[in-house]
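Visitor: Kindly return the folded structure for what I paste below:
(chains A, B, C and D)
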2 protein chains.
Amino acid sequence: MRLTTKGRYAVTAMLDLAFHSDIKPVTLTDIAARQTISLSYLEQLFSRLRRANMVKGIRGPGGGYTLADTADKINIADIIAAVDEPIDATKCGGEANCQKEQACLTHDLWMGLSDQIRDYLKGITLAQLLEKHHVKSVAKRQDQEAEQVIGIHRHTELLASLNE
Amino acid sequence: MRLTTKGRYAVTAMLDLAFHSDIKPVTLTDIAARQTISLSYLEQLFSRLRRANMVKGIRGPGGGYTLADTADKINIADIIAAVDEPIDATKCGGEANCQKEQACLTHDLWMGLSDQIRDYLKGITLAQLLEKHHVKSVAKRQDQEAEQVIGIHRHTELLASLNE
DNA sequence: TTAATAGTTGACTATTTTGCTGGGTTAAGT
DNA sequence: ACTTAACCCAGCAAAATAGTCAACTATTAA
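Guide: As a prediction, the model looks like this:
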């Protein structure tokens, strides 16, 4: 699992879509203007997102993109995985072709960590992020309320799984 | 918080160090051989790690690197932060220089997510990863009683080195 | 003292990824 | 027909990544 600006662009665009595509499809031109991402770069990203069945493209006037599913069914890990190259799991490609035992061991450790991050991001949906933002803006408007609904208990939960 | 192969190299190298530097300092040449990372690339990474006070360099014959602190005091987030460029938090650099409200909102959402990942990784130490691996390898060894004997002597060798 | 070891530094190169431009083609609505 | 917008390329400049080379300095064993 990698975390780069590319994935960030994708998540941002998907959030924008979740925000605006309730009524009608959203054009990439709109997203490009709102999020200041170049149209052609968005096209690249959405080409992958569409092939991964995260969004649906509707052609013609009045067309655009909509989410392929409800926002609570779309998680962050899948979005990032969709736009990232399939990571080649370098050098120790799946099978044990490592000559050295140590190399494989530390490789395993890293992969385990990577899996945990993926699981963590799999547990966060677009709907949760929108809700969190909603809560936050409401809280800012009224008075300070306790936010952070999503993060904390999940954090401890995952740490607990480390200690098994 | 970014997650790239660079950070992975750094974590892998630090894990290798945590494994082997109990008795004496570990040379980058050794790490390069074990982890199949180029020596000079390691030099770059360890230059940053040293400046970030994650490791100590010891010169002269018998020299090498050791952890600057015990393995339970070194967390993954700090390792990655040490080798990564300070992320520029693009376009909305700290202050609210976003012209559009939406851009800032989704930006906030992403930054919040990024913070959560950082907190998560801050909660995972080298010691935890080593411990997890230790348990796992023992279990694997017990399972492989009737099977091929390839890994066994390496395991005992490793366990022996842990008890010294 | 001397030679070997090993870290330190900086500049340099190759490759990959990133973000973007611009050209088109195809499907759908007016 | 004409427009709109998704779709699909080929390519390209800048940046990041990964690795190389060479000169240097500090340490210490012999």
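Visitor: hey, let's count contacts and neighbours off CA atoms from now on
Guide: Will do.
Visitor: Would you state the helices of chain A in chain order?
Guide: Assigned by DSSP state H, chain A shows helices spanning A:5-20, A:28-35, A:39-51, A:76-83, A:101-122, A:126-141, A:151-162.
Visitor: now for the fourth one, which elements pack on it?
Guide: In terms of contact count using 3 or more Cα pairs under 8 Å, 6 or more residues apart in numbering or on different chains; DSSP states H and E, helix A:76-83 is assigned the packing partners helix A:5-20, helix A:39-51, helix A:101-122.
Visitor: hmm, it in reach of DNA strand C?
Guide: No. Figure legend: helix A:76-83 not in contact with DNA strand C (Cα under 7 Å from any atom of the strand); closest approach 8.0 Å.
Visitor: angle of that helix against helix A:39-51?
Guide: 110 degrees (axes from the mean of the first three to the mean of the last three Cα atoms, to 10 degrees).
Visitor: list the buried ones in helix A:76-83?
Guide: A:76, A:77, A:78, A:79, A:80, A:81, A:82, A:83 (16 or more other Cα atoms under 10 Å in any protein chain shown).
Visitor: from what I can see residue A:55 touches residue A:45, true?
Guide: No. In this structure, residue A:55 is not within contact of residue A:45 by Cα atoms under 8 Å, at 10.9 Å.
Visitor: count of residues packed around the residue nearest to residue A:13 when sequence neighbours are not counted?
Guide: With Cα to Cα, 6 or more residues apart in numbering or on different chains as the criterion, residue A:13 has its nearest non-adjacent residue at 6.7 Å, and that residue is residue A:31. By other Cα atoms under 10 Å in any protein chain shown, the residues close to residue A:31 number 21.
Visitor: what's the answer for residue A:85, then?
Guide: 9.
Visitor: Residue A:18 is in contact with residue A:71, correct?
Guide: Yes. Counting by Cα under 8 Å, residue A:71 sits close enough to residue A:18 to count as a contact (6.5 Å).
Visitor: Give me the common contacts of the two.
Guide: Overlap of the contact sets of residue A:71 and residue A:18 (by Cα atoms under 8 Å, 6 or more residues apart in numbering or on different chains) consists of residue A:126.
Visitor: Can you name the residues of chain A sitting close to DNA strand C?
Guide: Contact residues (Cα under 7 Å from any atom of the strand) of chain A with DNA strand C: A:4-6, A:9, A:37-41, A:44, A:58-62, A:84-85.
Visitor: Reformat the helices of chain A as a markdown table; add distance to residue B:118.
Guide: What follows is these, written out as a markdown table (distance: least, Cα to Cα, whole Å):
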| stretch | distance to residue B:118 |
| --- | --- |
| helix A:5-20 | 15 |
| helix A:28-35 | 24 |
| helix A:39-51 | 25 |
| helix A:76-83 | 16 |
| helix A:101-122 | 10 |
| helix A:126-141 | 17 |
| helix A:151-162 | 11 |
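Visitor: could you redo these as a markdown table and give each row mean pLDDT?
Guide: Shown next, in a markdown table, are the helices of chain A (pLDDT from 0 to 100):
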| stretch | mean pLDDT |
| --- | --- |
| helix A:5-20 | 92 |
| helix A:28-35 | 92 |
| helix A:39-51 | 96 |
| helix A:76-83 | 95 |
| helix A:101-122 | 77 |
| helix A:126-141 | 73 |
| helix A:151-162 | 35 |
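Visitor: if we can go back for a sec, return the closest of the buried residues of helix A:76-83 with respect to residue B:114.
Guide: Proximity of those to residue B:114 (Cα to Cα) peaks at residue A:76, which lies at 11.7 Å.
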